[in-house]
Every structure is written in C-alpha cells, then in structure tokens.
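J.: Provided below for reference: sequence and predicted model.
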Amino acid sequence: MNHCQSNTISGKECDAPVMNGEDYCYRHNPRISKQDKVDASKQGGKRFKVLQNAPEASIKSIQSILILLEQNINDVRKGRVDPRVSNAVVQNVNAALKVYELAVIESRINILESKAGIDNQPRPISMDYN
Ligand SMILES: [Zn+2]
C-alpha cells in the first residue's frame with residue numbers, strides 16, 4: 001500500500017495509507033475541504049446511536065432471546081442502532097447461549113446419572129430454561 005505524498009507538520013514524510021485512487025491520506029488530501037475534515041473529526045468523536053429508551057432485554061428463555069435478536073436485526077437494518085451496538089448485543093447473546101447449552105447438557109447428564117443409579121453431586125451451574 002502506498003503512503004501519503006505529504007509531509008507532517010514536523011517535516012517528516014506522512015506514513016498514512018493513501019485514499020483509494022489518490023496520492024494523499026484523508027488528512028492531507030487537498031481535494032477534501034478543511035470544513036469536511038473538521039466535520040468528520042467531530043462526527044468521529046460523537047457517541048454512536050443506541051436505544052436509550054428501549055425496555056430491558058430479557059435472555060431468560062430461548063423465546064426471549066429470539067425476540068431480542070429479531071428486534072436487534074430490525075433496529076440495525078432501520079438505522080436505529082449503530083452496527084457496533086448491534087454486534088455487542090449479538091456477542092452478549094452468544095455468551096448467554098453458551099451458558100444455556102451448558103445448563104442443558106448438565107441437566108441431561110443429571111438425568112442419565114440418576115437413571116444409571118450414579119450418586120450425582122449437586123452441580124454449581126443452575127439456570128432456568130424453557
Ligand atoms: Zn498524509
């Protein structure tokens with residue numbers, strides 16, 4: 001990747017990558033107005049879109065997780081939340097599903113151990129699921 005043809009304020013070569021089809025990075029590109037650069041800088045510092053007034057999400061059942069994912073998909077598609085926020089929701093749901101999987105496996109093992117007459121000890125993991 002080519003680096004910018006401009007120099008920094010201190011006189012060194014700018015080592016930022018060039019914009020697509022350009023000889024300069026965004027900051028040094030003379031074809032971008034100073035105002036646009038200022039606006040872009042301000043925009044970058046703004047907080048991204050979140051649903052501050054949304055009700056608390058529930059992840060206590062598969063049904064509620066499906067509802068949350070459906071809302072999340074629609075919110076990001078309609079531009080109501082930033083995709084980064086949506087990705088965070090998906091990461092949290094994935095973590096919850098891992099716990100859910102463990103709880104299901106644990107429950108099934110307990111049933112099998114009980115049927116086999118194995119003295120099963122109480123397990124530290126317990127989660128309501130339906
Ligand atoms: Zn540059």
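T.: That came in fine, so what should we check first?
J.: residues near residue 89, how many?
T.: A count of nearby residues for residue 89, using other CB atoms under 10 Å, gives 19. (Glycine included, C-beta is placed from N, CA and C.)
J.: quick check: it touching residue 68?
T.: Yes - with contact defined as CB atoms under 8 Å, residue 89 counts as touching residue 68 (7.1 Å).
J.: common neighbours of those two, please.
T.: Shared contacts of residue 89 and residue 68, defined by CB atoms under 8 Å, 6 or more residues apart in numbering, comprise residue 57.
J.: got the residues of the chain near the ion?
T.: 4, 6, 14, 16, 25, 28 (CB under 5 Å from the ion).
J.: are any of those buried, and if so which?
T.: Applying 16 or more other CB atoms under 10 Å to these, the neighbour count classes 4, 6, 14, 25, 28 as buried.
J.: and the gap between residue 53 and the ion?
T.: Residue 53 is 41 Å from the ion, where distance means CB to the ion, to the nearest Å.
J.: can you get me the start-to-end distance on stretch 73-86?
T.: One end of stretch 73-86 sits 8 Å from the other (CA to CA, to the nearest Å).
J.: what sits up against it?
T.: 48-51, 72.
J.: separate out the buried members of these.
T.: Neighbour counting with 16+ other CB under 10 Å marks 49, 72 as buried within these.
J.: tabulate the contacts of stretch 73-86 (a markdown table), appending secondary structure and pLDDT.
T.: Below are those laid out as a markdown table (DSSP: H, G, I helix; E, B strand; the rest coil; pLDDT from 0 to 100):
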| residue | secondary structure | pLDDT |
| --- | --- | --- |
| 48 | coil | 72 |
| 49 | coil | 77 |
| 50 | coil | 78 |
| 51 | coil | 82 |
| 72 | helix | 94 |
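J.: of the contacts of stretch 73-86, closest to the ion?
T.: Set against the ion, the nearest of the contacts of stretch 73-86 by CB to the ion is residue 48 (26.0 Å).
J.: from the buried ones among the residues of the chain next to the ion, which is closest to residue 97?
T.: Distance to residue 97 across those (CB to CB) is lowest for residue 25, with 41.6 Å.
J.: got a list of contacts for the worst-scoring helix or strand of the chain on mean pLDDT?
T.: Least confident helix or strand of the chain, by mean pLDDT, DSSP states H and E, is helix 34-45 with a mean of 81. Outside helix 34-45, the residues that touch it by CB under 8 Å, 6+ apart are 26-27.
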